[in-house]
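Trainee: here is a sequence together with a model predicted from it:
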Amino acid sequence: MSIADNISKLKKETEGRGVKLIAVSKTKPADVLMEAYNAGQRVFGENNVQEMVEKQEQLPKDIEWHLIGHLQSNKVKYIAPFISLIHSVDSLKLLQEIDKQAAKNKRIIDCLLQIYIADEETKFGLGFDEAIELLRSEDFLALKNIRIVGLMGIATNTDNEKQLKDEFYELHTFFNGIKTSFFRKEDSFKELSIGMSSDYKIAMEQGSTMVRVGSLIFGQRLIPHWKNN
């Protein structure tokens, strides 16, 4: 199947349930992204800041760029002028830098708090208690150029569907609690970014509003060109 066919199939599944399809385009060259763009895809997720900046310069300006990988504070300035959503906010320090760079660009940048839900040491994210502590802090309340619009989580890399379902359910329950406690009057707090190529159907059943799908659209990943230099 072609990229266009893959997107058409996925959009029928996701958009019919009010879920936004994010095409995870890391390591894919600009011409491959254009295939997806020409098939109607407008939202792309990247893990690497340098790669995202390169593609943003080459590709149509109505693309919505989402940063879905771990973000270092010193890289925020490069994406602040154009980023639509940062999924992977996992510290107050990072939020403060995003706020600072957003102010420089006279923007308010939308962010998701990344919550640690996996049974794996290698994943990033805030614990439930840490997220609550962050949202209660005076330092957070002082930020004027960021907007928290929801939560993101990456489940354990497992074939155990019950475990995936439980992790997504736990995060959705936490999302509801955070919404009630901190964002009750803010309609913008509505996004739950869970689900990837291997588990997006389970994530949608558990309340996902955004799925991050790469290999089911583009096929398997390539080695990025800057790692061959």
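Mentor: In hand now; what should we look at?

Trainee: the most centrally placed residue in the chain is in what secondary structure piece?
Mentor: Nearest to the geometric centre of the chain sits residue 87, at 3.5 Å (Cα atoms, centre = their mean). With secondary structure defined by DSSP states H and E, residue 87 is part of strand 85-89.

Trainee: what does the strand or helix carrying residue 102 contact?
Mentor: In this assignment (DSSP H and E), residue 102 forms part of helix 92-104. Helix 92-104 is contacted from outside by 71, 73, 76-77, 80, 86, 89, 108-109, 111, 134, 137, 139-140, 143-146, using Cβ atoms under 8 Å, 6 or more residues apart in numbering. C-betas here are computed from N, CA, C, even on glycine.

Trainee: can you say which of those are buried?
Mentor: Buried residues within these, counting neighbours by 16 or more other Cβ atoms under 10 Å: 71, 76, 80, 86, 89, 109, 111, 134, 140, 143, 145, 146.

Trainee: list the contacts of the fifth one.
Mentor: Residue 89 is in contact with 71, 95, 98, 111, 112, 113, 114, 148, counting by Cβ under 8 Å, 6+ apart.

Trainee: before we move on, the earlier item: buried residues in the helix holding residue 102?
Mentor: Neighbour-count burial for helix 92-104 [16+ other Cβ under 10 Å]: 92, 94, 95, 96, 97, 98, 99, 100, 101, 102, 103.

Trainee: and these, which is closest to residue 54?
Mentor: residue 101 (18.9 Å; Cβ to Cβ).

Trainee: setting aside sequence neighbours, what's the nearest residue to that closest one?
Mentor: Sequence neighbours aside, residue 80 is the residue nearest to residue 101 in space, at 3.7 Å (criterion: Cβ to Cβ, 6 or more residues apart in numbering).

Trainee: contact partners for that neighbour?
Mentor: Counting by Cβ under 8 Å, 6+ apart, residue 80 has contacts 98, 101, 102, 104, 105, 107, 109.

Trainee: and if you look at residue 144?
Mentor: With contact set as Cβ under 8 Å, 6+ apart, residue 144 has these partners: 99, 103, 108.

Trainee: distance of it relative to residue 98?
Mentor: Distance, residue 144 to residue 98, using Cβ to Cβ, to the nearest Å: 12 Å.

Trainee: send me stretch 37-55 as PDB with only the CA atoms.
Mentor: Extracted in PDB, the C-alpha atoms of stretch 37-55 (Å, rounded to 0.1, in the frame of the first residue of the first chain):
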ATOM      1  CA  TYR A  37       1.100  16.100   2.700                       C
ATOM      2  CA  ASN A  38      -0.300  15.600  -0.800                       C
ATOM      3  CA  ALA A  39      -2.500  12.800   0.700                       C
ATOM      4  CA  GLY A  40      -4.000  15.400   3.000                       C
ATOM      5  CA  GLN A  41      -1.900  15.000   6.100                       C
ATOM      6  CA  ARG A  42      -1.100  18.300   7.900                       C
ATOM      7  CA  VAL A  43       0.200  17.200  11.300                       C
ATOM      8  CA  PHE A  44       3.700  15.800  11.600                       C
ATOM      9  CA  GLY A  45       5.600  14.700  14.800                       C
ATOM     10  CA  GLU A  46       9.400  14.800  15.000                       C
ATOM     11  CA  ASN A  47      11.800  13.600  17.700                       C
ATOM     12  CA  ASN A  48      14.800  15.600  16.800                       C
ATOM     13  CA  VAL A  49      15.000  19.400  16.800                       C
ATOM     14  CA  GLN A  50      17.700  19.700  14.100                       C
ATOM     15  CA  GLU A  51      15.700  17.400  11.800                       C
ATOM     16  CA  MET A  52      12.400  19.300  12.400                       C
ATOM     17  CA  VAL A  53      14.000  22.700  11.700                       C
ATOM     18  CA  GLU A  54      15.500  21.400   8.400                       C
ATOM     19  CA  LYS A  55      12.100  20.100   7.300                       C
END
